[in-house]
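[1] just a sequence and a predicted model for now, questions to come.
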Amino acid sequence: MAGCARRSSPPARKRRRLFEDATPLRLDGSEFFRGLQDARHNFCDVSVRGADDPTQSESQWIPCHRIVLMAHSLWFRRMLLAPMKEAKQDTIQLHNVPHDILQQLVDYMYSCEISVDASNALLLLQAADMLELGQIVETCQTFLREHIDVTNCLTIYRGAQQLSCADLTKECHDFLLEHFPSFCHSMEFLELDAVEISKLIASDELNVEKEEQVVAAVVRWLDHSFEERQSHAAELAGLIRLDLLAANHASLPDTPAGNHFQQAILSISAPHSTSTLRSSYGREPVIISLRCSTQGFGNRRRLVAVLHCLAPLTSNNWSLPCEPPQSRWHGFPVYVVKNGRLLVYVLTEAGSDECRHLHVYDATANQWTDLAVLPVRDHMKHIASPVVVRDQVYVVTADRVYAYEEGFSR
């Protein structure tokens with residue numbers, strides 16, 4: 001309309017999104033579980049019971065809620081949601097779970113709290129593994145790892161094997177190997193079956209100072225139930241590192257088991273020419289003596305070497321026959337233990353080239369390796385000798401020191 005001023009629109013007000021400044025509500029877990037506990041005995045729609053204890057009266061049914069069981073346990077979730085008769089029943093009995101253990105697990109579902117101790121840890125682990133309660137499984141395994149000792153390790157080992165808990169099984173087996181000197185004197189050692197004791201004494205990681213300790217342990221195991229176990233003597237004798245026994249090792253006890261095992265050892269007509277060293281043999285200083293001699297005549301003449309080892313702290317000694325390269329020795333042999341493998345370094349003069357070669361003998365594999373040729377002048381070769389310092393190999397001559405790392409460097 002002419003003459004009328006156009007009314008301007010008020011400035012647009014900035015709209016705020018709904019909940020833009022809202023503070024998120026965080027529920028207190030403890031409040032939630034307290035409320036769940038208060039409602040636990042109201043509106044229950046299922047009752048569960050574990051295996052009955054024959055020494056006690058019939059176990060009472062545990063009232064609970066399907067939704068709570070399914071929220072915690074995948075096993076219950078599959079059962080109660082599947083078209084199975086149990087899904088429609090008001091009672092469920094678990095014959096593979098002790099009733100008191102089931103009571104603790106149901107209490108945990110309503111409170112998120114559980115007490116794990118030495119008396120129930122393995123039983124809780126077995127039940128939680130079946131019911132697929134992941135947090136309980138992890139908690140129990142952690143507790144068992146931290147409380148393994150000589151008296152319970154075999155029980156935990158067998159339980160972990162049954163449940164296919166690979167990490168826990170390995171930790172228990174490693175514990176038995178490391179603590180074998182004390183374990184072999186325990187009552188639990190006598191409970192081993194033939195497969196379990198064979199697996200232990202066959203291991204390179206068995207912690208013993210002398211091979212005679214293994215022999216004594218086997219005889220003790222056989223003697224515990226000789227009539228039932230004597231058939232395993234020959235198999236166990238084959239696992240003894242016979243060439244690591246001292247030449248003058250003491251005779252076995254004059255018992256049926258001792259005499260029978262002595263005959264089993266003597267019946268092994270052709271023991272291995274050299275045995276794999278147990279890793280514990282490298283935990284103490286060892287004096288090495290490498291003695292060489294020739295055998296045969298003419299074209300059949302060959303060089304034979306025997307590696308003599310002496311551990312002065314324990315008086316442990318053993319000999320390892322080895323097949324050296326066709327050469328002469330110079331200097332003194334030196335040794336180092338790497339990852340349980342005894343390595344002996346020697347300088348040799350190989351064939352007609354009149355050069356000094358650094359050879360290494362791996363006692364575990366009974367194998368010689370020609371590592372490198374020593375780069376020294378002719379008149380210095382006869383006074384060269386290998387040295388090992390902190391696992392580093394050097395060759396010392398009259399006026400130089402050479403470090404070996406895939407070759408020599410000054």
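    Yes, it's here.
[2] separation between the closest residue in space to Arg40 that isn't next to it in sequence and Arg77?
    Nearest non-adjacent residue to Arg40, counting by CB to CB, 6 or more residues apart in numbering: Tyr110, 5.4 Å away. C-beta: built from backbone N, CA, C; applies to glycine. Remark: distance between Tyr110 and Arg77 (CB to CB, to the nearest Å) = 17 Å.
[3] next up, the contacts around Cys44.
    63-65 (CB atoms under 8 Å, 6 or more residues apart in numbering).
[4] can those residues go into JSON lines with extra columns for neighbour count and secondary structure?
    As requested, the contacts of Cys44 are exported to JSON lines (neighbours: other CB atoms under 10 Å; DSSP: H, G, I helix; E, B strand; the rest coil):
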{"residue": "Pro63", "neighbour count": "16", "secondary structure": "strand"}
{"residue": "Cys64", "neighbour count": "21", "secondary structure": "strand"}
{"residue": "His65", "neighbour count": "18", "secondary structure": "coil"}
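[5] which of those residues sits closest to Thr91?
    Nearest to Thr91, judged by CB to CB, of the contacts of Cys44 is Pro63 at 10.0 Å.
[6] follow-up on the earlier one: neighbour count for Tyr110 and Arg77, which is higher?
    Just comparing Tyr110 and Arg77: by other CB atoms under 10 Å the higher neighbour count belongs to Tyr110, 18 against 15.
[7] make sure that one is indeed in a helix.
    Yes: Tyr110 forms part of a helix when assessed by DSSP: H, G, I helix; E, B strand; the rest coil.
[8] thinking again about what came up before, out of the contacts of Cys44, which is nearest to Ser182?
    Relative to Ser182, the closest of those is Cys64; by CB to CB it sits at 45.5 Å.
[9] quick check, the closest one in contact with Met109.
    Yes: using CB atoms under 8 Å, Cys64 is in contact with Met109, at 7.5 Å.
[10] any weak-confidence spans in the stretch 301-410 of the chain?
    301-333, 335-341, 349-355, 363-366, 375-383, 390-391, 406-410 (pLDDT under 70).
[11] ok so, going back, would you reformat the contacts of Cys44 as a markdown table and include pLDDT?
    Output for the contacts of Cys44, formatted as a markdown table (pLDDT from 0 to 100):
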| residue | pLDDT |
| --- | --- |
| Pro63 | 89 |
| Cys64 | 89 |
| His65 | 89 |
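[12] what distance do you get for Gln135 to Cys112?
    9 Å.
[13] ugh, wrong one, Ser182
    39 Å.
[14] kindly report the same for Gly50.
    With CB to CB as the criterion, Gly50 and Cys112 are 21 Å apart.
[15] for Gln392, same thing?
    Taking CB to CB, one finds Gln392 at 55 Å from Cys112.
[16] more neighbours, those two?
    Taking other CB under 10 Å, Gln392 and Cys112 do not tie; Cys112 has more neighbours (14 against 11).
[17] how's this structure carved up into domains?
    Residue ranges of the domains in the chain are recorded as 185-271, 279-409, according to automatic domain parsing.
[18] in the stretch 51-200 of the chain, which spans are helices?
    Assigned by DSSP state H, counting those that start in this stretch, the stretch 51-200 of the chain shows helices spanning 66-72, 74-81, 99-111, 121-131, 134-146, 153-162, 166-178, 180-183, 194-201.
[19] which strands or helices does the next helix or strand after the last one pack on?
    Next in sequence after helix 194-201, counting helices and strands by DSSP states H and E, comes helix 211-224. Applying 3 or more CB pairs under 8 Å, 6 or more residues apart in numbering; DSSP states H and E, one finds that helix 211-224 makes contact with helix 180-183, helix 194-201, helix 233-237, helix 256-266.
[20] what does the longest one contact?
    Residues lying outside helix 256-266 but in contact with it, judged by CB under 8 Å, 6+ apart, are 215, 218-219, 222-223, 226, 230, 233-234, 236-237, 240, 242, 251-252.
[21] can you pull the buried residues of it?
    257-258, 260-262, 264-265 (16 or more other CB atoms under 10 Å).
[22] how about stretch 104-119?
    Using 16+ other CB under 10 Å as the test for burial, stretch 104-119 gives 104-110, 114, 116.
[23] so what's Glu211 scoring on pLDDT?
    Looking at Glu211, its pLDDT reads 84.
[24] leaving out sequence neighbours, find the closest residue to it.
    In space, Glu211 is closest to Leu244, 4.4 Å off (CB to CB, 6+ apart).
[25] I'd like to know how far that neighbour sits from Ile197.
    For Leu244 relative to Ile197 (CB to CB), the value is 19 Å.
[26] between these two, which one's more packed in?
    Leu244 (24 against 21).
[27] how much space between the more buried one and Val208?
    10 Å.
[28] who touches both of these two?
    By CB under 8 Å, 6+ apart, the residues touching both Leu244 and Val208 are Arg278.
[29] for the nearest residue to Phe76 once chain neighbours are set aside, what are its contacts?
    Once flanking residues are discounted, Phe76 sits nearest to Leu69: 4.0 Å by CB to CB, 6+ apart. Applying CB under 8 Å, 6+ apart to Leu69 gives the contacts 46, 48, 76-77, 80, 109.
[30] closest one of those to Thr369?
    Using CB to CB, the contacts of Leu69 come closest to Thr369 at Arg77, 59.5 Å.
[31] check which residues of stretch 142-159 are buried.
    So stretch 142-159, judged by 16+ other CB under 10 Å, has buried residues 143-144, 148, 150, 152-154, 156-159.
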